[in-house]
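Trainee: Compute the structure for the input listed below.
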Amino acid sequence: MPPRRKRVAKPKRPGLDRRAQSSRLRPSSGKSNRAAWRQAAWPGWAEEPGDEVWQGCERGELVSKEATMSSGTKGGYTARDIEVLEGLEPVRKRPSMYIGAVDSNGLHHLLWEIVDNSVDEHLAGECDRIVVTLHKDGCSLTVSDNGRGIPVDVHPKLKRPALEIILTTLHSGGKFSNKNYAHSGGLHGVGSSVVNALSTEMTATVHRDGHEWFQRFKAGRPTTTLQKVRPFRGRGTAIFFRPDDTIFRKTTYDPAVIRERLEDMSYVHGGLTLVFNDEVRKESVEYLHPDGLLGYLAKLVGDGSKKPVTEAVFTADREDPQGKIGVVLRWTEATDEEVRSYANGIRTRGGGTHEVGLKSAIVKAVKNYLEIHNKIPKGIQLTSEDIREGLVAILSVFVPEPMFQGQTKEKLNNPEITAQVDSLVRPGLENWFNSNPNLADAIIGRMVLAARARMASRDAVLEVRRKTPATRRSTLPGKLFDCLSNRPEECELFIVEGQSAGGTAVRGRDGKTQAILPLRGKILNTESLATAKALVNQELRDLLESLGTGVGERFDMRALRYHKIILLMDADSDGNHIMTLLLCFFFRHMRELIRAGHVFLAQPPLYRIAVGKEIHYALSDADKEAFLATLPANRTPEIMRFKGLGEMPHQHLAETTLSPATRILLRVDIDAQLEADKTFDQLLGKDPSLRYELIMSEANLISEEELDI
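Mentor: Residues are numbered from 1 along each chain as shown. Okay, the predicted model is just below:
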C-alpha cells in the first residue's frame, strides 16, 4: 500500500498580516494603485513587464498569471491543460466506464447491448424474431430483427438522419419517454453508440418506408452517408460490428456464452424466437419457449440435477400501470440457493431491490405460516438461510423507469419495487401453503433438516482465532512464512506449489505485507466431500489455520488475516490442476471468500524474451508467438522458458508476479452459480462419463502445440 501522506499546514502568504489576509476589498482602479496594493500585501513583489491582473473575480479577488501557476508542478496547471472530449471520444478513452471492463465480459456486453435493443422492439409488440450470427472469423457478429427499423428520416433539430444520430451520439434514442416503449432495458441512450465507438467496423442495414437503407461506421464515426439502396418490402434492422482489437484483450466470442444467454432470454420473453447461427462451427439453433418462466424453472432444476421436494410449483404474476411482475419457485433437495432475477428482460446478476423483496417475502410467508399454525419446531430456530436452502426461483419485473446500477445493468435500484414484489409474493405464498397443507409440511420439513444439518456441522468444523500479537506464532502452521503486518487489508497470502517454489517466492516477496504458504503436492479433491471430511487433509487444515476465518456456521469474515488470497502455481497443466482443486475447495466450502472478492489468481510468465536490452515476458505460447511476430526481421530474441516457479530467479518472480506495481492478478468471481456448479461436477465429480463427454466435445478446439505432454 502507498505510504500515508503527512498532513502539512498550508503556509501563509509571506509578509501578509491577518487583516490583509481577510480583506476582500477591491483595490482602486489603475495600474499604479494595483501595484501599490500588491506591494503592501506582499513586500518584495516585483512588477514584471506585461503582468496583467484579471479583475473579473467575485468579491474583488485578484488573480495574476503567476498566481495561476502551481509551484509544485512543471510548467504549471492552466486552462491549456483542460481537455474536452467530444462525441464518442470519452468511450474510447475510458471504455470500462461504459461496458464494465475490456475483458471477455466487456466484449460480450457489446453484443448484449445490440440484442437488448431488438428485445425492446419485442416488448413494444413490434418484433417476434431476432437472429444473431457469429461470423467465420469468430470476432464479428450481426444482429437482425423484424421490428419497425431504426428511423432514417432527418432529425428536425440536428439536421442529420436519425440512424446516424443514434449510432454516433451518446444519450440519443427514443426511450426517454413512454411514447414508443412502455418498458425497455435501454433507457440511457448510449448502448448502440458505445458499441459503434468500440468497433473497427459497424454497418447498419434498415428496412422501412418501402426501401433498404445502409450506412457504414468506424470507431464511432460515419464513413459513408446514409444511402437508399433499393426498394424493399418488409421491415427490420440488421447491425454488423467488429470489436476493436486495440481496445479489447481478445476479440474472439464464446459461442457457449451466446447460446446460454439467448436461451435464457427466450424463456423470459415467452413467444419471442431467438436464432443463433454459428458460422465457426457451422451450427444453427432456434430458441422458442411459449411456456416462459415455468419452462425456465424446469430447465434449471433439470440441468442442476436437483430433486424437487414436491411436484407443485408456486407461481404469481401481476400487471398494472406500475409495471409487470412474474415469479416462479420451488424447493429442491439441493444444498444451495439459486435465484435468477431480471428487470425489463435484462439479467440482474447483482440482484437489487426486486430480489430483496422476493427473498424477504419468502421468509416472512414461511414464518407467518409456522406461527399461525403453531408449527415452530422445538429447539430449532430457522434462519433465512435455512428457509431458502434448496430454493430455485425466477423473478422477472418490468418497470417504466428502471434505475440500473451503471451501464452494465448488473443491479436494479428502484426502491418502490421491493414493496411491490413483497405484496405479490408474501400473501400469495401464504395462501398457497394454507391451501396445500401436505405440501407445506413437506417443504417445512426440508427447512428443518437444513437447520439440523447446520447445527450438527457446527460441532464438526474448526474455528481459528484471529491473529493477535500474543497468539499468532503459536496458532499458525509451521510451514507458513508469515508477514510482519497485523493489518489484514494490506496483507496478501500467496499459496504456492511445493517447497522449491515457496523458497523462490519467499526470497522475492515483500516480507512486510506478503505471506507465503507452500503446499505439498496436489491437495485433496473436495468436490464430493463434506467439510469435516475435507479438513482431515493436512494441507487444507494448514490453509484454514492460516486464513483464520473458520468454516461453516462459525465462519467469521472479520477474522480473515489476509484480504488478498492469491493462488500462485506453475504455468503448466499440473499447476492448472492444483489451481482447479483449490478453487473447488473455496467454491464448495468457503464460498464467502470468493463472493467478497478476496480470492485471486496470479499470472506467472512462461517465457522471458530478451531483445537487446529490452525484456518481455509471455504468459503463454500464444502470447510468445504474438510478440515475436511484431519483431523486425533483423532482431534476434533470446528466449528462456521457465520450467517452474522453483526454477525462476527470485528477482524475475518478484518483478512479474509478486510486485503490486508490475504484476497482473485475476480476481475470482462467481458469474453464474449453476454453471460453476456444473463445471466443478464435470471436472472433479464422481461420474467419469462427464469428463469423457467434455474431452470428446472440446478436443477439436485444442491444437497440438497447446498440448502439454
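
Trainee: quick one, phi psi at Leu597?
Mentor: Careful, residue 597 is Gly; it's not Leu. Torsion angles at Gly597 (phi, psi; degrees, to the nearest 10) stand at phi 80, psi 30.

Trainee: ok, now how distant is it from Leu493?
Mentor: 15 Å (CB to CB, to the nearest Å). C-beta: built from backbone N, CA, C; applies to glycine.

Trainee: More neighbours: which of these two?
Mentor: Neighbour count, other CB atoms under 10 Å: between Gly597 and Leu493, Leu493 has more, with 24 against 12.

Trainee: If we ignore the residues flanking it in sequence, what's nearest the more buried one?
Mentor: Nearest in space to Leu493, with sequence neighbours left out and distances taken as CB to CB, 6 or more residues apart in numbering, is Tyr562 at 4.0 Å.

Trainee: where does the one you found land in three-state SS?
Mentor: Assigned by DSSP: H, G, I helix; E, B strand; the rest coil, the conformation of Tyr562 is coil.

Trainee: likewise Ile325?
Mentor: Put simply, Ile325 is strand when judged by three-state DSSP.

Trainee: Any idea how many residues pack against it?
Mentor: Neighbours of Ile325 under the rule other CB under 10 Å: 24.

Trainee: Which pLDDT does the model give it?
Mentor: pLDDT, Ile325: 95.

Trainee: quick one: it and Asp317 touch, right?
Mentor: Yes - applying CB atoms under 8 Å, one finds Ile325 in contact with Asp317, separated by 6.4 Å.

Trainee: Quick check: neighbours shared by the two?
Mentor: Both Ile325 and Asp317 are in contact with Leu424, where contact means CB atoms under 8 Å, 6 or more residues apart in numbering.

Trainee: Show me the shaky parts of the stretch 151-300 of the chain.
Mentor: Residue ranges of the stretch 151-300 of the chain with pLDDT under 70: 171-190.

Trainee: in it, which spans are strands?
Mentor: Using DSSP state E, counting those that start in this stretch, the strands found in the stretch 151-300 of the chain span residues 199-208, 211-218, 221-222, 227-231, 236-243, 273-278, 283-287.

Trainee: any chance of those strands in TSV, plus distance to Ala442?
Mentor: Converted to TSV, the strands of the stretch 151-300 of the chain look like this (distance: least, CB to CB, whole Å):
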stretch	distance to Ala442
strand 199-208	54
strand 211-218	58
strand 221-222	62
strand 227-231	63
strand 236-243	50
strand 273-278	37
strand 283-287	33
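
Trainee: Can you say which of these is nearest to Ser546?
Mentor: Of all the strands of the stretch 151-300 of the chain, strand 236-243 sits nearest to Ser546, with 41.7 Å by CB to CB.

Trainee: Please identify the pairing partners of the closest one and their relative orientation?
Mentor: According to DSSP bridges, strand 236-243 forms sheet pairs with strand 141-145 (antiparallel), strand 199-208 (antiparallel).

Trainee: quick check: angle from it to strand 211-218?
Mentor: Relative orientation of strand 236-243 versus strand 211-218 (axes from the mean of the first three to the mean of the last three CA atoms, to 10 degrees): 10 degrees.

Trainee: before we move on, which element is Ile615 in?
Mentor: Assigned by DSSP states H and E, Ile615 falls within strand 614-618.

Trainee: Mind checking what helix or strand follows that strand in sequence?
Mentor: The C-terminal neighbour of strand 614-618 among helices and strands, as given by DSSP H and E, is helix 621-628.

Trainee: avg pLDDT for that following helix?
Mentor: Helix 621-628 shows a mean pLDDT of 85.

Trainee: Which among the strands of the stretch 151-300 of the chain is found nearest to Ile443?
Mentor: Here strand 283-287 is closest among those (CB to CB), at 31.5 Å.

Trainee: Just the buried residues of that closest one, please?
Mentor: Tyr287 (16 or more other CB atoms under 10 Å).

Trainee: domains in the chain, as residue ranges please.
Mentor: 18-75, 90-287, 307-458 (automatic domain parsing).

Trainee: CSV please, covering the ones you listed and showing distance to Gln514.
Mentor: Listed next are the domains of the chain as CSV, based on distance: least, CB to CB, whole Å:
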stretch, distance to Gln514
domain 18-75, 33
domain 90-287, 26
domain 307-458, 31
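
Trainee: out of these, nearest to Leu666?
Mentor: Ranking the domains of the chain by proximity to Leu666 (CB to CB) places domain 90-287 first, at 9.1 Å.

Trainee: can you give me the end-to-end distance of that closest one?
Mentor: Start-to-end span of domain 90-287 (CA to CA, to the nearest Å) is 37 Å.

Trainee: Can you give the contact residues for the longest helix anywhere in the chain?
Mentor: Counting residues, the longest helix found in the chain (DSSP state H) is helix 437-458. Taking contacts as CB under 8 Å, 6+ apart, the residues outside helix 437-458 that touch it are 309-310, 312, 331, 333, 335, 366, 369-370, 375, 377, 380-383, 385-387, 389-390, 432-434, 530-532, 552-554.

Trainee: Which of those fall in helices?
Mentor: The helices, defined by DSSP H, take in 366, 369-370, 385-387, 432-434, 531-532 from those.

Trainee: Among the residues you listed, which pair sits farthest apart?
Mentor: Farthest pair in the ones in helices among the contacts of helix 437-458 (CB to CB) is Asn434 and Ala532. Separation: 39.1 Å.

Trainee: which ones are touching the closest residue to Phe232 other than its chain neighbours?
Mentor: The shortest distance from Phe232 to any non-neighbouring residue, by CB to CB, 6+ apart, is to Glu212 (4.1 Å). Residues in contact with Glu212 (CB under 8 Å, 6+ apart) are 205-206, 228-232.

Trainee: CSV for those residues, including neighbour count and distance to Lys613?
Mentor: Below are the contacts of Glu212 laid out as CSV (neighbours: other CB atoms under 10 Å; distance: CB to CB, whole Å):
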residue, neighbour count, distance to Lys613
Thr205, 19, 52
Val206, 26, 55
Lys228, 13, 59
Val229, 12, 56
Arg230, 9, 60
Pro231, 8, 65
Phe232, 17, 61
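
Trainee: what's the closest of the residues you listed to Ala626?
Mentor: Lowest distance from Ala626 to the contacts of Glu212 (CB to CB) belongs to Thr205, with 33.8 Å.

Trainee: now the helices for the stretch 501-650 of the chain?
Mentor: Ranges of helices in the stretch 501-650 of the chain, per DSSP state H, counting those that start in this stretch, are 531-534, 538-547, 573-589, 591-595, 621-628, 650-653.

Trainee: ok, back up a step: with Thr168 as the reference, measure out to the residue nearest to Phe232.
Mentor: Applying CB to CB to Glu212 and Thr168 gives a distance of 21 Å.

Trainee: Please apply the same query to Pro400.
Mentor: In terms of CB to CB, Pro400 sits 28 Å off from Thr168.

Trainee: quick one: which of these two has more around it?
Mentor: Each of Pro400 and Thr168 had its neighbours counted (other CB under 10 Å), and the higher figure belongs to Thr168 (21 against 16).

Trainee: can you map out the strands along the stretch 351-500 of the chain?
Mentor: Going by DSSP E, counting those that start in this stretch, the stretch 351-500 of the chain shows strands at 391-398, 492-497.

Trainee: in its sheet, what does the last one sit against?
Mentor: When pairs are called by DSSP bridges, strand 492-497 turns out to pair with strand 514-519 (parallel), strand 564-568 (parallel).
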